[in-house]
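# here is my input; please provide its structure:
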Amino acid sequence: MTSKPSPDPMDRIDTFWWAFGIRGGFAVLFAGILAFSGNLLGSLFFDPVMLVLLSILLGFYVLANAVLLGVGAGFALQHRLSLGWLLAAESCFALLLGGYIGFSLLITSQSIALLAGIHAIGAGCFQAVLAFKLQRYQRFKVLLSISALAALSMGTFFLCHQAETPRLISLWLSCFELAYGVIVIGFAWALHAEAQRRLVAA
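Residues are numbered from 1 along each chain as shown. Below you'll find the predicted structure:
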């Protein structure tokens, strides 16, 4: 007899807090690389070179994010967590978007801003759904809601400012990923604290 998925999304989610921690740390690392390369190469090369660099970096980041989400989804599904399907859906979304960004030959400042906006809005939507599923837990709901609001706002900003230069796009994207990564690390830390609390209580 197979066990049914856990009716409580929080049940055992704190056991893979590390997946969120790695994801947040990777976002902060990506933000640093993007800011450094944007400032350095933006002053040395023309916009076409910046567009290629930005496309490669963003595509690689989104694809790596898809892998991390896939690992988290596999772990969640293995433990019969209902959140596993949400993480799997976000992983598929990131995989398709990252593949398109990384291998698209149609590289313009407008297309990069559009794809960055889709990336941010997609992340915001999934974070909002996760916040809703964890609404019983105030700390996690607040962190995820802030993350979702920031991502949706930045995604809308990108979609409304597609005519900006690649250097400005890279700067805004790095600021967003830095804030997003810090919030996700905070979420992972809160999950880790919850796991330790449960361990002590047991």
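# in the host helix or strand of Ala116, what counts as buried?
Remark: Ala116 resides in helix 109-133, with elements defined by DSSP states H and E. Within helix 109-133, the residues that count as buried by 16 or more other Cβ atoms under 10 Å are 109, 112-113, 115-131, 133. Bear in mind the C-beta positions are built from the backbone N, C-alpha and C, glycine included.
# same deal with stretch 146-156?
For stretch 146-156, the neighbour count (16+ other Cβ under 10 Å) marks 146-148, 150-152, 154-155 as buried.
# which residue, other than its chain neighbours, is closest to Ile121?
Gly155 (3.4 Å; Cβ to Cβ, 6 or more residues apart in numbering).
# restricted to helices, list the buried residues of stretch 146-156.
Judged by DSSP state H, those include 146-148, 150-152, 154-155 as members of helices.
# report how many residues lie close to the nearest residue to Val67 once chain neighbours are set aside.
Leaving aside its chain neighbours, Val67 sits nearest to Ser91 (7.8 Å; criterion: Cβ to Cβ, 6+ apart). Neighbourhood size, Ser91 [other Cβ atoms under 10 Å]: 21.
# assumed Ser91 was part of a strand.
No: counting by DSSP: H, G, I helix; E, B strand; the rest coil, Ser91 falls outside a strand, being helix.
# touching, it and Phe75? I think so.
No: look at Ser91 against Phe75 with Cβ atoms under 8 Å: they stay out of range, at 11.9 Å.
# need the ones in helices among the buried residues of stretch 146-156 in a markdown table (columns: distance to Val71 and pLDDT).
A markdown table is the format used below for these (distance: Cβ to Cβ, whole Å; pLDDT from 0 to 100):
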| residue | distance to Val71 | pLDDT |
| --- | --- | --- |
| Ile146 | 24 | 88 |
| Ser147 | 20 | 86 |
| Ala148 | 22 | 91 |
| Ala150 | 24 | 88 |
| Ala151 | 21 | 91 |
| Leu152 | 25 | 93 |
| Met154 | 25 | 90 |
| Gly155 | 25 | 92 |
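# how near is Ala19 to Gln110?
Distance of Ala19 to Gln110, given as Cβ to Cβ, to the nearest Å: 34 Å.
# cool, and Arg136?
42 Å.
# so which helix or strand takes in the closest residue to Gln78 other than its chain neighbours?
Leaving aside its chain neighbours, Gln78 sits nearest to Gly84 (8.0 Å; criterion: Cβ to Cβ, 6+ apart). Assigned by DSSP H and E, Gly84 belongs to helix 83-103.
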